[in-house]
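**Student:** missing the sequence, but the structure's below:
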């Protein structure tokens, strides 16, 4: 059983195809199939079901996959640590976050990080939903995650503050500041696609005001929601931090406020690089 075999099978699962995985890994498809069957013989049970139009994990494969991802992530970190100790490189910081935070919160923090640690690479992993982010961190994907506070998290967690949400309306909107979401109950909304964690935020905020938002358009992209709202398609509830400094739409606070608690968290106690990055997040003072 080798890490290369782990990498091969994880890639097949992620790509959903032996053909695409072989192209990505720069190996022949027979060689890829041979290595995966060798892995299955070592494990003692099939890990993949081969289907006419792709592959899927067996129950044993589903149990195996998170451990394989964690092993590959640990191997990458071990290699980086060894090369850093040997003076071959200064390291890599792996940061995971939900999409909305990579638009507004992280860029200024990453800019400061780059100024202080120019030789440390940053690898950014983005996730649509807080649950996806939590699952990835349990698998050891990154050194630190930035997102909504995960319930019952077993590792370290540092409070960062609260992310404020605002309503974006088209120019000339008569609604006051702040605006009660209940006053927008009869309008068609710019909403987020299912699977985007912000869809849950919008639904919960509207439910608290006694209605379910009627979506006239749904978008996968967080940054698209305020643009569509400003174009007159309907109100959108968006994190304030994703709005550019110069924005044509009407921005209204909500009454009562809509906020989301954010934390930095990780699977194990932070190493010096990770601790320094978390310190920058805390210093940023963007919460509230």
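**Tutor:** Sure thing, it's come through. The structure presented is a predicted model; accordingly, all values stated were derived computationally and were not measured. Residues are numbered from 1 along each chain as shown.
**Student:** my read: residue 213 touches residue 199, true?
**Tutor:** No - at 9.6 Å, residue 213 and residue 199 do not qualify as touching, with contact defined as CB atoms under 8 Å. Where C-beta positions appear, they are placed from N, C-alpha and C, glycine not excepted.
**Student:** out of these two, which sits in the more crowded spot?
**Tutor:** Shown here are residue 213 and residue 199; by other CB atoms under 10 Å, residue 213 has more neighbours (24 against 19).
**Student:** what about the more buried one, distance to residue 236?
**Tutor:** When distances are taken as CB to CB, to the nearest Å, residue 213 and residue 236 turn out to be 10 Å apart.
**Student:** now for residue 213 and residue 199: what residues contact both?
**Tutor:** Any residue near both residue 213 and residue 199 by CB atoms under 8 Å, 6 or more residues apart in numbering counts here, and that gives residue 191.
**Student:** so where's the stretch 1-150 of the chain shaky on pLDDT?
**Tutor:** Applying pLDDT under 70 to the stretch 1-150 of the chain picks out residues 80-90.
**Student:** quick one, what contacts residue 131?
**Tutor:** Residue 131 is in contact with residue 197, counting by CB under 8 Å, 6+ apart.
**Student:** tell me which element it falls in.
**Tutor:** When secondary structure is defined using DSSP states H and E, the element that contains residue 131 is helix 130-138.
**Student:** which residues touch whichever helix or strand comes after that helix?
**Tutor:** For helix 130-138, the following helix or strand on the C-terminal side (DSSP H and E) is strand 144-148. Strand 144-148 is touched from outside by 93-98, 101, 105-106, 127, 130, 133-134, 136-137, 160, 197, 260-266, 270, 274, 277-278, 281, with contacts defined as CB under 8 Å, 6+ apart.
**Student:** now do 7 Å
**Tutor:** With contacts defined as CB atoms under 7 Å, 6 or more residues apart in numbering, strand 144-148 is touched by 95-98, 101, 106, 130, 133, 137, 260-262, 264-266, 270, 274, 277-278, 281.
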